[in-house]
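Colleague: sharing a model prediction with you, sequence too.
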Amino acid sequence: MKAKIVRIGNSRGLRIPKKVLQEYSIEDTIEMNLLEEGILLQPVKKVREGWDEAFKKMAAEGDDELLINDVFEDETFDF
């Protein structure tokens, strides 16, 4: 796909068609990687995206048990 570089003030920009933005779930920010063979643009995933589903799956499969105790034997609490 070819795209035209446009003037934005003293800089230049690239217009990405709405359909492409939707297809790749690009909202406000992209990751731009400068590679030897060219520029790679990637959508930025939201922090913890998909964690809710992963935790539900872990609970359903019984894979959400503590690996170590969350309270240690020598720990005291002042209430």
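Modeller: Everything's here; your move. Numbering: from 1, shown residues only.

Colleague: mind listing residues that contact the longest helix seen in the chain?
Modeller: Assignment by DSSP state H gives helix 51-60 as the longest helix of the chain. For helix 51-60, the external contacting residues (CB atoms under 8 Å, 6 or more residues apart in numbering) are residue 64. All C-beta spots, glycine's among them, are computed from the backbone N, C-alpha and C.

Colleague: can you give me the helices in the chain?
Modeller: Under the criterion DSSP H, the chain contains helices at 18-23, 51-60.

Colleague: what about residue 1, neighbour count?
Modeller: Using other CB atoms under 10 Å, residue 1 has 5 other residues around it.

Colleague: just give the closest residue to it, not the sequence neighbours.
Modeller: Counting by CB to CB, 6 or more residues apart in numbering, residue 1 lies nearest to residue 20, which is 7.9 Å off, once chain neighbours are set aside.

Colleague: return the distance of that neighbour relative to residue 3.
Modeller: 9 Å (CB to CB, to the nearest Å).

Colleague: go on, residue 61?
Modeller: Residue 61 is 45 Å from residue 3, where distance means CB to CB.

Colleague: for residue 28, grab phi and psi.
Modeller: The phi/psi pair for residue 28 (degrees, to the nearest 10) reads phi -110, psi -20.

Colleague: tell me the confidence at it?
Modeller: The per-residue pLDDT reported for residue 28 equals 87.

Colleague: could you shift the numbering so residue one becomes 306, and keep it that way?
Modeller: Right, with 306 as the first residue, what we last looked at is residue 333.

Colleague: that one: neighbour count?
Modeller: Neighbourhood size, residue 333 [other CB under 10 Å]: 5.
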